[in-house]
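Peer 1: What shape does this take:
(2 chains, ligands or ions: 1)
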Amino acid sequence: MSLPEFKLLLRPRTVEEAVGLLAKHANNIRVLAGGTDLIPSMRQKLFEPQYVLDIRHISELKGVHPRPGTGVEIGALTTHTTLERSDLLRQRYPVLTEAAGTVASPLLRNMGTIGGNICLDTRCLWYNQSLTWRKACGFCIKKDGDLCHVAPGGTKCWAAFSGDTPPALLCLNAEIEIASPSGMRRVPLREFYTGIGDSYRKLQADELLTRVFLPDTSAYYHGIYRKLRIRGSIDYPLAGVAVVLKRSNGHVADARLAITAVNPAPILIVGATQMLAGKVIDESLADAVGDLAAKTAKPLTTSALTPEYRREMIRVFTKRAVLAVANNESLVRH
Amino acid sequence: MTEFSIIGKPIAMVDAAGKTTGAGKYTDDLCLPGMLVGKILHSAYPHARIKRIDTSRAEKLDGVVAVVTGKDAPTPYGILPVGHDEHALALDKVRYVGDNLACVAAVSEDIAEKALELIDVEYELLPAYFDPEGSMKAETDLIHDNKPHNIEKDYHHVFGDPDKALAEADYVAEGRFIANEVTHAAMEPHSALASFELDPHTGKLGRLTVWSSTQVPYYLQHKLSLVLEMPMAQIRVIKPLVGGGFGGKSEVIPLEIIAAIAARAARAPVKITYNREEVFWAHRGRPRTIIDLQTGVKKDGVINAVKARVVQDGGAYCSYGVVTILYSGALLGALYDISDIAYDGYRVLTNKPACGAMRGHGTVNVRFAFESQLDEIAAKLNLDPAEIRRRNLLKPPCITINGLRVQSYGLPECIDQVVERSKWKERKGKLPRGRGLGIGCSHYVSGAANSIIRSDMPHSTVNIKIDRDGGVIVYTGAAEIGQGSDTMTAQIAAETLGCSLARLKVVAADTDLTPIDIGSYSSRVTFMAGNATLRAAEEVKKQIASAAARKMKCPPDELVFRDDEVYRRDLGGEGARATHSEASASGRVEGQILRGSLQQKRKDEGPKDWMTFEEAVVAAIDFHGALTGTGSYAPPPEARGGKHKGAGVGPSPAYSYAAQVAEVSVDEETGEVTVHKVWAAHDCGRALNPVSVDGQIIGSVWMGLGQALEEEMVWKDGMLMNPGLLEYRSPSAIESPEVEPIIVESIDPEGPFGAKECSEGSLAATIPAIANAIHDAVGIRLRECPFTPERVLTALRAQNKAKPINLTEGVDPTAPTRFREHGGALWFRGKGPERHPLDPARQKATAEIGGDD
Ligand SMILES: Cc1cc2nc3c(=O)[nH]c(=O)nc-3n(C[C@H](O)[C@H](O)[C@H](O)COP(=O)(O)OP(=O)(O)OC[C@H]3O[C@@H](n4cnc5c(N)ncnc54)[C@H](O)[C@@H]3O)c2cc1C
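Peer 2: All right, here's what the predicted structure looks like:
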């Protein structure tokens, strides 16, 4: 499968230049960061832009930087490998270290970026297929068609958001910085996703995701990310659960829970914080939180394994993650 | 001094350097001046008549040199003489989504792809069949007109009196087992490069050369000759390095013929390399198999009868199907002693890519059922599962009730070994809940005793030529596909000739140069090409010995050939030779040792009691003129099986045997199965190259593990939902267990140095060993593989009578009521989208269509 033809590969060096080019070619341009999602999708003719904006040379968008007094700033082009290896993150935000370490495979983690992971296209068995395949099957709402194979008769796209780091970032109350021709804005990550599979993120055609901020107030929480997959390496999450928790005197001082890969958006389960706050964690509390998470999950036949099973696993994984984080069993060594 | 100096030692593959450095050339690495890229247009429909194909728009596109369709090569072919039902490009009908329609040869890949979009095809849609049991009921709109009820072939074998025996059994186990469809997933996708030579005088197309990633160069040459209507002598097939076959390249794959037709039309070399999706469509993998199995036993666990009904979902073409369905029945025999067998096998056509031969061809799925059921029986009779297997051993040499001759039989030792090493007696049934041990056994042929081409031709022939400086060239048609065939050939030749491995060069799988060998499949190469190599080497050795014996003034059979020397047996032994052996003192001889004056001096010295290999070769060439030898192998008549219909499949000159114990744990909340360790014993007759045998055993376990836990081709209305290696999940390093390979050597009387099969037989034991271990761990009996976490959890919930997981129901209220019932191809039922310009639904289906399910 060859790449679709495009007119020009653009290589800006600064954010302003990049945003300028985005504005100039809006609607006919795609941002390329690590390219690990975009390139396979272009080969499948899911995107056929006239221009490709290769932002890899904007050096200001790379790296993990402490910002004393406020938190940690991560450039959108920071790779998963860098995240995984950052001591700073490991100490302060271990849930992110864990989540970043489960993305794809080591080689892909060397290329894939956190910005690309946040912006990651939603996925569906009927969508992530070659043009030949989709043509044979019949095109769907998300691309070129007007029906949904997952929920026949429905008009909403259910493609599942399948990134691993966003649930961790949601637990950390992360904010993102978005650059546009009119300047920079900062939004909570929570508000970035729409929950609709074919227009899953709130990002205008002339906008660029530039930075991620992790607030000081979320630092030093215990954290865990649990990922359901069939194959031990290189598998998108079929369900994913991130939990962070802070304790005082054996009681939960604060906790947050987010799930991924079972809805068109990663979801922060606000009710879980209330359920856990002030409590001592035991099996039955963990069970109850698991039930809540499972209720929020709405998996459909977008991925391998059946929806019922994936939802059940959200329940089991949540329960386990809550218990593990209470016992401080993170995979990450402090 | 050990018996052998080359074989039995762990030796690196002779082609390892090219593969590990990247310098080795696979077909897709090759390039010829003026070469074009070929791209194939595939069917978007599972079953349709082609009313019209118009390629004129595509032909006009700049950069397109030729477009070919079915009418450019109308002769049907197929790997089996009884199954000539394929056209490289469809003539009148397409039979699965992905079937081949047309090919564009263009100057670049993207131009070729663009041109495909410009080919207009008008179809008349036909009802499609996706489920074999439904397909068997079809009366009309058959997939092939000459196959009533879409049954490719059915066999009904009865040996002994199984009904009577079952009636006399103390206990009869009965069950339905399902093994879902899997594919080879070789790393290298299929690739073929075809080039015609132009006659310099007439300008007409002359000889054809095809480079292809094939396991069977001679079959390819033969089928090309058939379809292109050219004499075989005008066709040369060359097999470069091959990145894995596992059966997926063991027959002619459409692209090989298409590349040749396209090259003929374009008058330029054409290369086609499948993308991964096309590899899945080319397929020829292991069919989804439904097995209804009955086993009757006496109280003491002795099996007295087996009845099996096997239905295979074969896909749209015959491929090796007739052989597969026969193997499934035949290999019920030759592992255990079973006196009465009834077998009903149905190979059914469906509108999906053709299934064919895959590692463990025909035996794997039935063995899963059989070994699982044997475990159930052992539990019922309160017998140790290892013990029940011991009570049913064959007593070789013998001929089984279904006509299979068994000579060497290492199964008892395989069982003993795995039982001992896994501490089975101490641990089986005694591990904490959630952890368990399971055993499974299997066997496989060392090549088929009857080739698929009906002829008396030997199955392998090998030529050897030795140069004046002692360099040995072996010409073999055997196809190295990563399994080590070239290394095996070199080892056998070097051992026989008593020369060092460094002198050996193997020229393989080039039909212009190498004598005929039917290819690398059914684990035949070591046994058959190995025997042919041995015989060729012995023939040359005889010539060298006669010349050397004249010089040494002794009878030729007094001579010993070893370590690059030829010496008189009575003067042999370490001590005698150490005095004169400077040449080989380094242990490595690079070909030329005694040159010029030294050689002349030695020659003039007169009679001697030892010679270097090179001296002996010179003497022989001086005497005979040229030093060449030929050896061939044909299986002996006694090994060719019985007389019943279908008796040709199953017989082999020798069978390999395997036993495995798997240790697993099961997470009862998630259904996830972890395999911790597999002890895998394999009787390969003699291990010519122990590292290679270890590798094959580990690889077999690993591939079995994939089918047991993860791999499954998922279909929805004829659409393959996972046509890529991301979604078709072969196990990765993380879930690969520790495998302890245990080599058992039964020294077969007819194998080369006693060697037998070692690359397929082990696979079939892994799946039941894991299934049985899961049962030991948590008490559930899984009868459908792969044992995905959801299948395991469903079984666990059923066992606990806990809240069931209904795998067929969607959560969304608007979702279909049955998960597997709806599929992608909704437009096929007239409900399609209209928006996209390329949407096939725009081409307006002519009739209201319905499928079978
Ligand atoms: C085999 C395979 C397995 C994978 N497995 C996983 C997995 O397990 N978990 C997982 O989370 N991901 C997985 N991925 C997806 C991908 O590797 C990661 O999500 C990665 O982080 C994407 O980052 P990238 O920089 O490569 O994105 P790109 O491919 O460059 O971009 C992805 C999308 O985001 C947009 N984009 C990227 N950066 C920006 C920006 N700064 N501003 C605006 N838009 C932007 C692009 O236009 C594009 O639409 C897998 C991919 C492959 C090929």
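Peer 1: contacts, neighbours, all on C-alpha from now
Peer 2: Fine.
Peer 1: Might you report the residue contacts of the closest residue to B:Ala659 other than its chain neighbours?
Peer 2: Closest residue to B:Ala659 apart from its sequence neighbours, by CA to CA, 6 or more residues apart in numbering or on different chains: B:Cys441 at 4.2 Å. Residues near B:Cys441 by CA atoms under 8 Å, 6 or more residues apart in numbering or on different chains: B:371, B:657-660, B:764-765, B:769.
Peer 1: For the stretch 651-800 of chain B, give me the ranges with low pLDDT.
Peer 2: Scanning the stretch 651-800 of chain B for pLDDT under 70 picks out no residues.
Peer 1: Counting neighbours, what do you get for the residue of it found nearest the ligand?
Peer 2: As assessed by CA to the nearest ligand atom, the ligand sits closest to B:Leu726 within the stretch 651-800 of chain B, at 5.8 Å. B:Leu726 has 12 neighbouring residues, counting by other CA atoms under 10 Å in any protein chain shown.
Peer 1: Sticking with it, tell me its helix or strand.
Peer 2: Using DSSP states H and E, B:Leu726 sits in no helix or strand.
Peer 1: what's around residue 9, how many residues?
Peer 2: Defaulting to chain A. A:Leu9: 14 neighbours (other CA under 10 Å).
Peer 1: nope, chain B
Peer 2: B:Lys9 is flanked by 15 other residues according to other CA under 10 Å.
Peer 1: next one: the one 5 residues further on
Peer 2: By other CA under 10 Å, the residues close to B:Val14 number 19.
Peer 1: Next: B:Gly648.
Peer 2: Count around B:Gly648 with other CA under 10 Å applied: 22.
Peer 1: List the residues that contact the closest residue to chain B within the stretch 201-334 of chain A.
Peer 2: Per CA to the nearest CA, A:Gly232 is where the stretch 201-334 of chain A lies closest to chain B, at 5.3 Å. A:Gly232 is in contact with B:731-735, counting by CA under 8 Å, 6+ apart.
Peer 1: at 7 Å instead, please
Peer 2: Counting by CA atoms under 7 Å, 6 or more residues apart in numbering or on different chains, A:Gly232 touches B:732, B:734-735.
Peer 1: Next: A:Val187.
Peer 2: Per CA under 7 Å, 6+ apart, neighbours of A:Val187: A:175-177.
Peer 1: Kindly report the same for A:Ser162.
Peer 2: A:122-123, A:236-237, A:260-261 are the contacts of A:Ser162 under CA under 7 Å, 6+ apart.
Peer 1: Now for those, which sits with the most neighbours around it?
Peer 2: In the contacts of A:Ser162, the most neighbours by other CA under 10 Å go to A:Ala261, 32 neighbours.
Peer 1: Verify the stated contact: that residue with A:Ala242.
Peer 2: No: with contact defined as CA atoms under 7 Å, A:Ala261 does not count as touching A:Ala242 (11.7 Å).
Peer 1: could you flag which of the contacts of A:Gly232 are buried?
Peer 2: The neighbour-count test (16 or more other CA atoms under 10 Å in any protein chain shown) applied to the contacts of A:Gly232 identifies B:Glu735 as buried.
Peer 1: In TSV: the contacts of A:Gly232, plus secondary structure and distance to B:Ala16.
Peer 2: Shown next, in TSV, are those (DSSP: H, G, I helix; E, B strand; the rest coil; distance: CA to CA, whole Å):
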residue	secondary structure	distance to B:Ala16
B:Ser732	coil	23
B:Ile734	helix	25
B:Glu735	helix	26
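Peer 1: contacts with chain A among the contacts of A:Gly232, please.
Peer 2: When contact is defined as CA under 7 Å from any CA of the partner chain, these meet chain A at B:732, B:734-735.
Peer 1: Can you read off the pLDDT for residue 169?
Peer 2: This is for chain A. The model reports A:Leu169 with a pLDDT of 98.
Peer 1: That was the other one, I meant chain B.
Peer 2: In this model, B:Ala169 is scored at 98, pLDDT.
Peer 1: Kindly report the same for the one 4 residues further on.
Peer 2: In the predicted model, B:Ala173 carries a pLDDT score of 98.
Peer 1: quick one, what contacts it?
Peer 2: Shown in contact with B:Ala173 (CA under 7 Å, 6+ apart): B:294-296, B:373, B:377.
Peer 1: Serialize the ones next to chain A among the contacts of A:Gly232 to CSV and add fields for distance to B:Thr630.
Peer 2: Shown next, in CSV, are the ones next to chain A among the contacts of A:Gly232 (distance: CA to CA, whole Å):
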residue, distance to B:Thr630
B:Ser732, 44
B:Ile734, 47
B:Glu735, 47
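Peer 1: B:Met187 and B:Gly243 touch, don't they?
Peer 2: Yes: with contact defined as CA under 7 Å, B:Met187 and B:Gly243 form a contacting pair (5.9 Å).
Peer 1: more neighbours, the two?
Peer 2: More crowded of B:Met187 and B:Gly243, by other CA under 10 Å: B:Gly243, with 19 against 12.
Peer 1: Would you agree that one falls within a strand?
Peer 2: No: B:Gly243 is assigned coil when assessed by DSSP: H, G, I helix; E, B strand; the rest coil, not a strand.
Peer 1: confidence score at the nearest residue to it once chain neighbours are set aside?
Peer 2: Setting aside the residues directly before and after it, B:Gly243 is nearest to B:Glu188 in space (CA to CA, 6+ apart), at 4.6 Å. B:Glu188 carries a pLDDT value of 97.
Peer 1: Could you double-check that B:Glu188 lies in contact with B:Gly244?
Peer 2: Yes: under the criterion of CA under 7 Å, B:Glu188 makes contact with B:Gly244 at 6.3 Å.
Peer 1: ok and the residue in the stretch 251-400 of chain B nearest chain A?
Peer 2: For the stretch 251-400 of chain B and chain A, the shortest gap (CA to the nearest CA) falls at B:Asn275, measuring 6.7 Å.
Peer 1: Give me the secondary structure label for the residue nearest to B:Ala659.
Peer 2: Relying on three-state DSSP, one would call B:Cys441 strand.
Peer 1: Please report the distance of it from B:Val693.
Peer 2: Per CA to CA, to the nearest Å, B:Cys441 is found 18 Å from B:Val693.
Peer 1: for B:Gly78, same thing?
Peer 2: Note on B:Gly78: its distance to B:Val693, by CA to CA, is 33 Å.
Peer 1: So between those two, which is more surrounded?
Peer 2: Between B:Gly78 and B:Val693, counting by other CA under 10 Å, B:Val693 is the more crowded of the two (24 against 20).
Peer 1: wait, is that one part of a strand?
Peer 2: No: applying three-state DSSP, one finds B:Val693 to be helix, outside a strand.
Peer 1: got the contact list for it?
Peer 2: Applying CA under 7 Å, 6+ apart to B:Val693 gives the contacts B:687, B:758.
Peer 1: quick one on the thing from earlier: measure how buried the residue of the stretch 251-400 of chain B closest to chain A is and give me the count.
Peer 2: B:Asn275: 15 neighbours (other CA under 10 Å).
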